[in-house]
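Student: What follows is a predicted protein model with its sequence.
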Amino acid sequence: MNVPAAVPTVAPAGPAMLGGPDREHLDPPAATAALDSLASPAAEHPEWIWRSGELVPWEQARIHVNAVGHASTAAIFEGIKAYRADDGERLLLFRLDEHLRRLFDSARICRLALPYDFAQLKAAVLDLLRVNRYIEDAYVRPWAFPSGLIREQMVPAGSACEVVVDSWPFRARLDTGGGCRAGVSSWQRVSDASMPPRVKAFSNYHNGRLAMMEARENGHDWPILLNERHKVSEGPGACIALVRNGTVITPSLTSGVLESITRDTAITLLGELGETVVEREVDRSELYLADELFFMGTAWEILPITVVDGLTVGAGTPGPVTRRLTAEYTRLVRGSSDRHQGWLTEVPR
Ligand code: PMP
């Protein structure tokens, strides 16, 4: 066999349609740029990654190109946040157990047999954060994908799985304040009848990505997707709530949303703050009459929406309920609240 002495390098061609001035529309507005670090690889990678039962140096965590394509259609994941406590000492994972439970729920619906149990995965997350020695806040992503050379178009149920946990530094936007501009998307949220949004599957984010690109093209920061019944569902990476006439209203869990842990946290905290919270179907036009509007998610935290489809929400600044919730949420995740201590897991040093 003839082997060329040197393989010519071919630079990847730039995307034809995204060159030129149009590209600017895809750049994130400053207010929400921090959130986009979720989507772009960190310039600096951590030393370690957890893979299949062991900590391996980042460079050695490789996979054969042939194993990626089909396997990724069936992959599931979780996104967990670890906050540096106000005391500057502790690194605290927020609601780790609930996130891991949801990973197992996603695995069940997708019929993936995770080769590790709850305790092993919990130990994996803690181990990884310990060896990566984060000084500031970090994001942790456990994910599972069918491994090996799957040649079928459809990944069979029960295929052997690999589990990886990776992590990267992640700046909280809780500390920066400010709001964002949202717009209702022309893309419809995937439905429970086609691709359940309740599952945290990578494939579902194709739907969110289409909506996000459209939103940026139209001058919004983030999209709000309606479901197949034309009711409000969620953003591409967060649930949503509105405040109107003193009541907090959020789409029910059967509105085509992920069973968000931040949403659950917000409902609990708002109740403790004396607010009335209602979970029900939400009409699009209710967004336009809201006194306050905000997204809720692990990465997005409590993100106020100050403009929706070009209409100013309330006074155009984060409203009082949103601000009180954000303050309480911040105290909680940074270990300064005496409530819900069970939601915090300290990373061992
Ligand atoms: N919806 C979607 C589509 C998401 O990706 C997320 C982020 N995980 C959320 C809602 C919020 O969920 P959580 O509060 O559990 O992070």
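Tutor: Arrived safely, thanks for sending.
Student: so when I look at Leu293, I'm seeing a strand, right?
Tutor: Yes. The assignment for Leu293 is a strand, going by DSSP: H, G, I helix; E, B strand; the rest coil.
Student: hang on, it packs against Glu286?
Tutor: No. With contact defined as C-beta atoms under 8 Å, Leu293 does not reach Glu286; the gap is 9.7 Å. Where C-beta positions appear, they are placed from N, C-alpha and C, glycine not excepted.
Student: higher neighbour count, these two?
Tutor: Taking neighbours as other C-beta atoms under 10 Å, Leu293 and Glu286 compare with Leu293 leading, 28 against 15.
Student: what is in contact with Leu293 and Glu286 at once?
Tutor: Leu242 (C-beta atoms under 8 Å, 6 or more residues apart in numbering).
Student: middle-most residue in this structure, spatially?
Tutor: Gly237 (4.7 Å; C-alpha atoms, centre = their mean).
Student: Can you give me the first-to-last residue distance of stretch 171-190?
Tutor: 30 Å (C-alpha to C-alpha, to the nearest Å).
Student: should've said stretch 191-208
Tutor: Across stretch 191-208, first to last residue, C-alpha to C-alpha, it's 13 Å.
Student: What are the buried residues along it?
Tutor: Under the neighbour-count criterion of 16 or more other C-beta atoms under 10 Å, stretch 191-208 has 196-201, 204-205, 207-208 buried.
Student: Leu226 is in contact with Ile240, isn't it?
Tutor: No. Contact between Leu226 and Ile240 fails when scored by C-beta under 8 Å: they sit 11.1 Å apart.
Student: Pick out whichever of these two has more residues nearby.
Tutor: Ile240 (29 against 24).
Student: what about that one, which helix or strand?
Tutor: In the assignment (DSSP states H and E), Ile240 maps to strand 239-244.
Student: Who are the packing partners of that strand?
Tutor: Strand 239-244 is packed against strand 247-251, helix 261-272, helix 284-288, strand 292-297, with contacts defined by 3 or more C-beta pairs under 8 Å, 6 or more residues apart in numbering; DSSP states H and E.
Student: Any chance you could give me the last one in PDB, C-alpha atoms only?
Tutor: The reference is to strand 292-297. Extracted C-alpha coordinates of strand 292-297, given in PDB (Å, rounded to 0.1, in the frame of the first residue of the first chain):
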ATOM      1  CA  GLU A 292     -42.100  40.700  35.900                       C
ATOM      2  CA  LEU A 293     -40.700  37.800  33.800                       C
ATOM      3  CA  PHE A 294     -37.700  35.600  34.500                       C
ATOM      4  CA  PHE A 295     -35.900  32.500  33.300                       C
ATOM      5  CA  MET A 296     -34.800  29.800  35.800                       C
ATOM      6  CA  GLY A 297     -32.100  27.200  35.300                       C
END
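Student: quick one: buried residues of that strand?
Tutor: Quick answer for strand 292-297 (16+ other C-beta under 10 Å): 292-297.
Student: tell me which of those residues is nearest to Leu93?
Tutor: Gly297 (16.0 Å; C-beta to C-beta).
Student: Run through the helices of the protein in chain order.
Tutor: 69-73, 96-109, 118-132, 205-217, 261-272, 284-288, 320-333 (DSSP state H).
Student: got those helices as TSV, with distance to Gly314 and mean pLDDT columns?
Tutor: Supplementary listing: those in TSV, determined by distance: least, C-beta to C-beta, whole Å; pLDDT from 0 to 100:
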stretch	distance to Gly314	mean pLDDT
helix 69-73	41	70
helix 96-109	31	98
helix 118-132	38	97
helix 205-217	21	97
helix 261-272	17	98
helix 284-288	12	98
helix 320-333	9	97
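Student: The ligand contacts on the stretch 1-150 of the chain?
Tutor: Residues of the stretch 1-150 of the chain lying close to the ligand by C-beta under 6 Å from any ligand atom are Gly79.
Student: repeat that with 8 Å
Tutor: Within the stretch 1-150 of the chain, the residues that sit near the ligand (C-beta under 8 Å from any ligand atom) are 78-79, 98-99, 102.
Student: in this structure, which segments are predicted with low confidence?
Tutor: 1-43, 65-71, 153, 175-176 (pLDDT under 70).
Student: Show me the domain layout of it.
Tutor: Following automatic domain parsing, the chain resolves into domains at 28-169, 180-333.
Student: got the CA positions of stretch 103-116 in PDB?
Tutor: Output in PDB follows, covering the C-alpha atoms of stretch 103-116 (Å, rounded to 0.1, in the frame of the first residue of the first chain):
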ATOM      1  CA  LEU A 103     -29.900  11.500  35.100                       C
ATOM      2  CA  PHE A 104     -31.300   8.100  36.000                       C
ATOM      3  CA  ASP A 105     -34.800   9.200  35.000                       C
ATOM      4  CA  SER A 106     -33.500  10.300  31.600                       C
ATOM      5  CA  ALA A 107     -31.600   6.900  31.300                       C
ATOM      6  CA  ARG A 108     -34.800   5.000  32.100                       C
ATOM      7  CA  ILE A 109     -36.900   6.800  29.500                       C
ATOM      8  CA  CYS A 110     -34.100   6.500  26.900                       C
ATOM      9  CA  ARG A 111     -33.600   2.800  27.900                       C
ATOM     10  CA  LEU A 112     -29.900   3.200  28.600                       C
ATOM     11  CA  ALA A 113     -28.500   1.000  31.300                       C
ATOM     12  CA  LEU A 114     -26.000   3.100  33.200                       C
ATOM     13  CA  PRO A 115     -23.100   0.900  34.400                       C
ATOM     14  CA  TYR A 116     -22.800   2.800  37.700                       C
END
